[in-house]
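> Following is a predicted model, sequence given first.
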Amino acid sequence: MSLISLETIEINKSQIEVLYLNNPQTKNSMTWEMGEEFYEAIQNLKKRNPLPRCLILTGKNDIFSSGGNLELLKSFASKTYEQNKRDMFKFYNFFLSIRTLPFPVIAAVNGHAVGAAFSLALASDLRVFSSESKYSFNFVKLGIHPGMGSSFIVKELFGTDKANQLLFMAESITGVEAYKFGLSYDSVPQADVVRRAIEIAISITESGPLAMRLLKENTYNFEALQEALKKEADAQAKNFQSKDFLESIKAIEEKRKADFKDY
């Protein structure tokens with residue numbers, strides 16, 4: 001079964017693409033295999049002629065994504081520091097390839113988004129959140145440094161103060177709270193998220209495509225993001241060598257809070 005699926009919507013002779021995360025067995029968790037498929041889909045979209053005018057990123061199964069896959073996380077404990085440093089950098093770039101698309105990306109976050117999934121949503125150009133769903137950066141509660149570009153992207157978009165609140169506190173917030181916090185363009189009931197994203201995409205198709213492409217090219221500092229990803233990969237690789245990381249995995253499996261010892 002494919003972990004990624006694409007759907008084309010034709011609007012006024014323009015194409016809007018909808019990319020779905022689709023891993024129902026694990027609540028659309030972000031596996032290595034999904035990352036490879038995701039990256040390939042993004043590269044193929046960049047080769048389209050004519051190019052799509054907009055991409056909507058969303059999830060099937062009434063959930064956006066539960067974030068990093070638990071089995072994948074567990075596998076890092078058995079790898080070397082150098083392996084994890086290399087693999088994490090590659091894994092981040094599978095998904096953050098959306099930043100390289102020459103047209104806008106709207107995240108239709110139609111359910112819970114945790115950790116790396118929340119990062120992916122914020123890496124999109126515009127976001128619509130499900131008002132009743134929950135969103136959080138839970139990295140530090142797992143005993144690991146934030147990843148998937150979150151330590152850079154949140155500061156890039158919203159400043160250090162908001163980044164500290166989200167990343168240090170690791171608290172769960174609703175879509176309504178996220179909207180009030182300034183994290184999204186809109187917040188609507190879960191059943192209306194994709195519809196609202198399509199409305200925004202249609203509005204985008206009414207603007208000049210070349211202007212949009214140039215704007216997307218000039219909006220982000222991709223080189224700075226890459227440097228930040230290297231730092232995150234290094235930090236997470238160090239965390240994966242710690243006993244605290246093993247304790248966090250054990251705590252997840254035993255459905256309890258982790259008892260960190262700082263070693």
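Cool, the structure landed. The structure displayed is predicted, hence computed values, not measured ones.
> What are the boundaries of the helices in the stretch 51-200 of the chain?
Applying DSSP state H, counting those that start in this stretch to the stretch 51-200 of the chain gives helices spanning 70-76, 81-95, 116-123, 150-158, 160-169, 175-180, 193-205.
> In terms of secondary structure, what does the third one contact?
By that I understand helix 116-123. Applying 3 or more CB pairs under 8 Å, 6 or more residues apart in numbering; DSSP states H and E, one finds that helix 116-123 contacts helix 81-95, strand 105-109, strand 134-136, helix 150-158. In short, each C-beta sits where N, CA and C put it, glycine included.
> Out of those, which one sits most buried?
strand 105-109 (a mean of 28; mean count of other CB atoms under 10 Å).
> and it, what's its mean pLDDT?
Averaged over strand 105-109, pLDDT sits at 98.
> again, but for stretch 124-141
The model assigns stretch 124-141 a mean pLDDT of 97.
> Got phi/psi on the closest residue to P209 other than its chain neighbours?
Spatial nearest neighbour of P209, excluding adjacent residues (CB to CB, 6 or more residues apart in numbering): R53 at 6.1 Å. Phi and psi for R53, reported as degrees, to the nearest 10, are phi -90, psi -20.
> Provide a list of residues in contact with R53.
I11, S14, Q15, I16, F103, A201, I204, T205, P209, M212 (CB atoms under 8 Å, 6 or more residues apart in numbering).
> now A163
Per CB under 8 Å, 6+ apart, neighbours of A163: S151, V154, K155.
> go again using 6 Å as the cut-off
V154, K155 (CB atoms under 6 Å, 6 or more residues apart in numbering).
> Same check on E254?
If you count contacts by CB under 6 Å, 6+ apart, E254 has none.
> now Y39
Contacts of Y39 by CB under 6 Å, 6+ apart are F94, S97.
> Which of the helices or strands spans it?
helix 32-46 (DSSP states H and E).
> How far off centre is that helix?
14 Å (CA atoms, centre = their mean, to the nearest Å).
> same deal with stretch 204-219?
Using CA atoms, centre = their mean, the offset of stretch 204-219 from its chain centre is 22 Å.
> Buried ones in that stretch, by neighbour count?
By neighbour count on 16 or more other CB atoms under 10 Å, the buried set for stretch 204-219 is I204, T205, P209, M212, R213, K216.
> average pLDDT for stretch 182-202?
97.
> Show me what the longest helix along the chain is packed up against.
When the chain is parsed with DSSP state H, its longest helix is helix 222-239. With contacts taken as 3 or more CB pairs under 6 Å, 6 or more residues apart in numbering; DSSP states H and E, helix 222-239 sits against helix 81-95, helix 150-158.
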